[in-house]
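Student: Got a predicted structure here, sequence first:
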Amino acid sequence: MTTERSLDPVPEMSGGIAALARVRIVLVETSHPGNIGAAARAMKNMGLGRLTLVAPRRFPDAEATARASGADDILQRARVVPDLAAALADCSLVAGATARLRTISSPVLAPREAGTALLEAAAGGAEVALVFGRERSGLTNAEMARCHYLVQIPTAPGFSSLNLAQAVQVLAYELLLAAGAPRPRPPDQDAYPPATSEQMEGFFRHLEQVLYAVGFLKPPQSRTLMRRLRRLFLRARPDCNEINILRGILSAVDEREE
């Protein structure tokens, strides 16, 4: 038997992803508790914290906790309700994930379009929901009829067998992307400033000198080749440290030629 739990507040988030706090993931009649835990893990990876469970077969459950892999807080805050109407009562925008469109005429969005639509509504202060159906049969026609949009995840032709947590992960990623999450950068990015025009010109003069010295540059092709080499290095936009390395290589070649 399921009981309705109160929804505890989600920890506040700063910056462009704050709107994610108004997005809830709704799982309808989930059969396997492990799928609930795996879905919670997918949510937490993408900055989502609100989970609503409609009449799950088993919850709470140790298997759900084990599969959550550290997303226990989402399970602890999860709201359990008896039907979809209760899960969506205060929502202004609802999107339902489905692999089969059947005869429903609701607008169908790609995952990226759905992420954008949901986040725009959430950023405007609306409560929004992304609904996932049963593992075997998905959402019923009546449940899909409650959705403003349907969302279909593209898959390879002839095989559209995504499990529940995979589907949650894909769409949660699109929500995070729509929220403008900062892109990860390599640890050493911007450690050195970009090479200046003066440094680049010094490198090009040095390169041309060495290429003549080793016999690689020969008139009349030398001018055309140097233009191509300039385009190559300018396109690469080396930083000042990389230019120093390249000039060090040229100096080593110069010394061997003397």
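Tutor: Yep, that arrived. Numbers count the residues shown, from 1 in each chain.

Student: Could you break this structure into its assigned domains?
Tutor: Following automatic domain parsing, the chain resolves into domains at 15-178, 197-257.

Student: Now for the residue lying closest to Leu217 once chain neighbours are set aside, how many residues are close by?
Tutor: Leaving aside its chain neighbours, Leu217 sits nearest to Leu211 (4.2 Å; criterion: C-beta to C-beta, 6 or more residues apart in numbering). C-betas here are computed from N, CA, C, even on glycine. When neighbours are counted by other C-beta atoms under 10 Å, Leu211 registers 18.

Student: Relative to Ala122, how far out is the nearest residue to Pro194 once chain neighbours are set aside?
Tutor: Nearest non-adjacent residue to Pro194, counting by C-beta to C-beta, 6+ apart: Asp239, 5.4 Å away. Distance, Asp239 to Ala122, using C-beta to C-beta, to the nearest Å: 39 Å.

Student: who has more neighbours, those two?
Tutor: Using other C-beta under 10 Å as the criterion, Asp239 and Ala122 rank with Ala122 on top: 23 against 17.

Student: quick one: what helix or strand has that one in it?
Tutor: According to DSSP states H and E, Ala122 maps onto helix 111-123.

Student: Which residues does that helix contact?
Tutor: Helix 111-123 is contacted by residues 19-20, 22-23, 92-93, 95, 109, 128, 130, 149, 151, 153-154, 170-171, 174-175, 177-179 when judged by C-beta atoms under 8 Å, 6 or more residues apart in numbering.

Student: Now do the buried residues in it.
Tutor: Within helix 111-123, the residues that count as buried by 16 or more other C-beta atoms under 10 Å are Pro111, Glu113, Ala114, Gly115, Thr116, Ala117, Leu118, Leu119, Ala121, Ala122, Ala123.

Student: Could you point out the helix or strand that follows it?
Tutor: With elements assigned by DSSP H and E, the helix or strand that comes after helix 111-123 is strand 128-132.

Student: now the angle from that next one to helix 111-123?
Tutor: 140 degrees (axes from the mean of the first three to the mean of the last three C-alpha atoms, to 10 degrees).

Student: which strands and helices sit next to the next helix-or-strand element following strand 128-132?
Tutor: From strand 128-132 onward toward the C-terminus, using DSSP H and E, the following helix or strand is helix 141-144. On a contact count with 3 or more C-beta pairs under 8 Å, 6 or more residues apart in numbering; DSSP states H and E, helix 141-144 meets no helix or strand.

Student: rewinding a little: kindly write the PyMOL command that selects the buried subset of the contacts of helix 111-123.
Tutor: Buried subset of the contacts of helix 111-123, written as a PyMOL selection, criterion 16+ other C-beta under 10 Å:
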select buried, resi 19+20+22+23+93+95+109+128+130+149+151+153+170+171+174+175+177+178+179
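
Student: quick one: the strand or helix carrying Arg205 to chain centroid distance?
Tutor: Assessed by DSSP H and E, Arg205 sits inside helix 197-213. The chain centroid and the centroid of helix 197-213 are separated by 42 Å under C-alpha atoms, centre = their mean, to the nearest Å.

Student: and the residue minimising distance to the centre of the chain, what element?
Tutor: Among the residues of the chain, the one closest to the centroid is Tyr173, at 3.6 Å (C-alpha atoms, centre = their mean). Using DSSP H and E, Tyr173 falls within helix 164-178.

Student: coming back round to it: pLDDT for the buried residues of helix 111-123 - can I get that in TSV?
Tutor: Putting the buried residues of helix 111-123 into TSV (pLDDT from 0 to 100) gives the following:
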residue	pLDDT
Pro111	97
Glu113	96
Ala114	96
Gly115	96
Thr116	94
Ala117	94
Leu118	95
Leu119	94
Ala121	91
Ala122	93
Ala123	92
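
Student: I'd like those residues written out as a markdown table, with distance to Ala68 added.
Tutor: Shown next, in a markdown table, are the buried residues of helix 111-123 (distance: C-beta to C-beta, whole Å):
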| residue | distance to Ala68 |
| --- | --- |
| Pro111 | 23 |
| Glu113 | 29 |
| Ala114 | 25 |
| Gly115 | 23 |
| Thr116 | 28 |
| Ala117 | 28 |
| Leu118 | 23 |
| Leu119 | 24 |
| Ala121 | 28 |
| Ala122 | 24 |
| Ala123 | 28 |
